[in-house]
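**Student:** Got a predicted model here, sequence first, then my questions.
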Amino acid sequence: MSARALRLALALHPTGYRREWGEELTATFTESTAGADRWAVARELFDLAGHGLRLRVGLGSAGVAAQLTALVAPFAAVAAAGEALAHLIMLPYLLRQGSNFHWVWSAHPVLGIVQIVGLLLALAAAVAATLGRWTPARVLAPIALLASCTTGLSSLSDILNSRTLLMLLIEHGPQAMWVLFLLAAPRDLLGPPSWRTRLGALAGALVGGVIIQFGFFAGEPAFLREATQYLALTAIAVELALLVAAVPLLLRGWYGPAAAALAGTPLALLVFLTVLEGFVGGARNVAPVLAVLLPVAALGLAHRLGHRIPPSRSSRVR
């Protein structure tokens, strides 16, 4: 089984790269999994397959886009768990109000269970990333995203409804983008936990769990929503400034502000989709296309500028 899975993982690499490095990759995999249990083998296969996919889309470790996503990864993993964090924040309030949690079950008990599982998996992914356990984080985060999106569909016909798709993008688009950033980061650039990891995780909790959830979605508690809306406006203004300055700063070797701009793009997308939601007719059909094109365009721009961007100033200091 592992031999067949290894061949599939290697097949995901570009042909030229596989021809040059295939034997070394196989030897490294064999050595690292000798005597290992099934989970360890699956983890190595997951990392190897992800490495091949990232190479195919131009996200090799030496690329600018890959280095930016590696800087964003701790933030993204925790921000993607924003809905779960918001429920934790609201739990004492709901208990004091004597809530019977009907919002969980809605009219679809099975979807309610799926929602709870998705929230727990998102929290587990966030904790794993904060502790430097990147493979579990990158396995659990997309599963949690899929579970969250499933709860927004009551039937298969909803998938073809442009209104439903737009609402799904508004509610889960930021989470999806953060999960993609987490998956796009090369494993060899994701080091052990450090103060930077924890700081990024804290910022992700603030943006994903407080600013987005209470600034845009949660209606209760009212006092927290009102205070958060002002914070959301400030965050949006900062994000717009970072987006304007990102490329000039990258060309000077400043990766930190550009990474912060990349981390905040889901917030900018959310604002755009919320405005678009107010329109009627064909404008809504543009949303799914833009949701795909915007991240691709951002990564393509970073890849295109790669030869003009110097190494990170922090890496030159080291």
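**Tutor:** Arrived safely, thanks for sending.
**Student:** Can you pull out the low-pLDDT segments for the stretch 201-318 of the chain?
**Tutor:** Applying pLDDT under 70 to the stretch 201-318 of the chain flags residues 217-226, 276-292, 294-318.
**Student:** low-confidence ranges in the stretch 1-150 of the chain?
**Tutor:** Using pLDDT under 70, the stretch 1-150 of the chain drops low at 1-2, 58-59, 92-109.
**Student:** Report how many residues lie close to residue 246.
**Tutor:** Residue 246 is flanked by 23 other residues according to other C-beta atoms under 10 Å. Any C-beta I mention is one placed from the backbone N, CA and C, and that applies to glycine too.
**Student:** For it, grab phi and psi.
**Tutor:** phi -60, psi -50 (degrees, to the nearest 10).
**Student:** when you give positions from now on, start the count at 327
**Tutor:** Sure, I'll start counting at 327 from here, so that last one is residue 572.
**Student:** ok, it - contacts?
**Tutor:** 583-584, 587-588 (C-beta atoms under 8 Å, 6 or more residues apart in numbering).
**Student:** Can you select the buried ones from those in PyMOL?
**Tutor:** In PyMOL, this line selects whichever of these come out buried by 16 or more other C-beta atoms under 10 Å:
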select buried, resi 583+584+587+588
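**Student:** Please narrow the contacts of residue 572 to those residing in helices.
**Tutor:** Of the contacts of residue 572, the ones assigned to helices by DSSP state H are 583-584, 587-588.
**Student:** Pretty sure residue 537 sits against residue 561.
**Tutor:** Yes: between residue 537 and residue 561 there is a contact under C-beta atoms under 8 Å: 5.3 Å.
**Student:** How is this structure partitioned into domains?
**Tutor:** The domain map for the chain lists 327-382, 390-643, with the assignment taken from automatic domain parsing.
**Student:** Once you drop chain neighbours, what's closest to residue 575?
**Tutor:** residue 583 (4.8 Å; C-beta to C-beta, 6 or more residues apart in numbering).
**Student:** Contacts only, for that neighbour.
**Tutor:** So residue 583 contacts 568, 571-572, 575 (C-beta under 8 Å, 6+ apart).
**Student:** can you check residue 566 too?
**Tutor:** Counting by C-beta under 8 Å, 6+ apart, residue 566 touches residue 594.
**Student:** How much space separates it from residue 575?
**Tutor:** 15 Å (C-beta to C-beta, to the nearest Å).
**Student:** Could you do residue 473 as well?
**Tutor:** Distance from residue 473 to residue 575, counting by C-beta to C-beta: 37 Å.
**Student:** Please apply the same query to residue 584.
**Tutor:** 6 Å.
**Student:** if you go through this protein in chain order, where are the strands?
**Tutor:** Remark: no strands are assigned in the chain by DSSP state E.
**Student:** Closest to residue 333 out of the contacts of residue 583?
**Tutor:** Ranked by distance to residue 333 (C-beta to C-beta), the contacts of residue 583 are led by residue 572 at 40.0 Å.
**Student:** what about the closest one, distance to residue 537?
**Tutor:** For residue 572, the distance to residue 537 - C-beta to C-beta - is 20 Å.
**Student:** before we move on, what about residue 436?
**Tutor:** 31 Å.
**Student:** what about those two, which has more around it?
**Tutor:** Neighbours were counted for residue 436 and for residue 537 using other C-beta under 10 Å; residue 537 has more, 23 against 10.
**Student:** ok, now how distant is the more buried one from residue 408?
**Tutor:** Distance from residue 537 to residue 408, by C-beta to C-beta: 9 Å.
**Student:** cool, and residue 561?
**Tutor:** For residue 561, the distance to residue 408 - C-beta to C-beta - is 13 Å.
**Student:** Then residue 440?
**Tutor:** 18 Å.
**Student:** Give the residue from these two that has the larger number of neighbours.
**Tutor:** residue 408 (27 against 16).
**Student:** Identify the contacts common to residue 537 and residue 561.
**Tutor:** Joint contacts of residue 537 and residue 561 (C-beta under 8 Å, 6+ apart) are residue 593.
**Student:** Residue 468 against residue 509, yeah?
**Tutor:** Yes: Residue 468 lies in contact with residue 509 (C-beta under 8 Å); the separation is 6.9 Å.
**Student:** if I pick residue 446, what's in contact with it?
**Tutor:** Residues near residue 446 by C-beta under 8 Å, 6+ apart: residue 410.
**Student:** before we move on, what about residue 346?
**Tutor:** Applying C-beta under 8 Å, 6+ apart to residue 346 gives no contacts.
**Student:** and it, how far is that from residue 340?
**Tutor:** In terms of C-beta to C-beta, residue 346 sits 10 Å off from residue 340.
**Student:** The residue lying closest to residue 400 once chain neighbours are set aside: neighbour count?
**Tutor:** Using C-beta to C-beta, 6+ apart and skipping the chain neighbours, the partner closest in space to residue 400 is residue 526 (3.6 Å). Counted with other C-beta under 10 Å, the neighbours of residue 526 add up to 25.
**Student:** Done for today, thanks.
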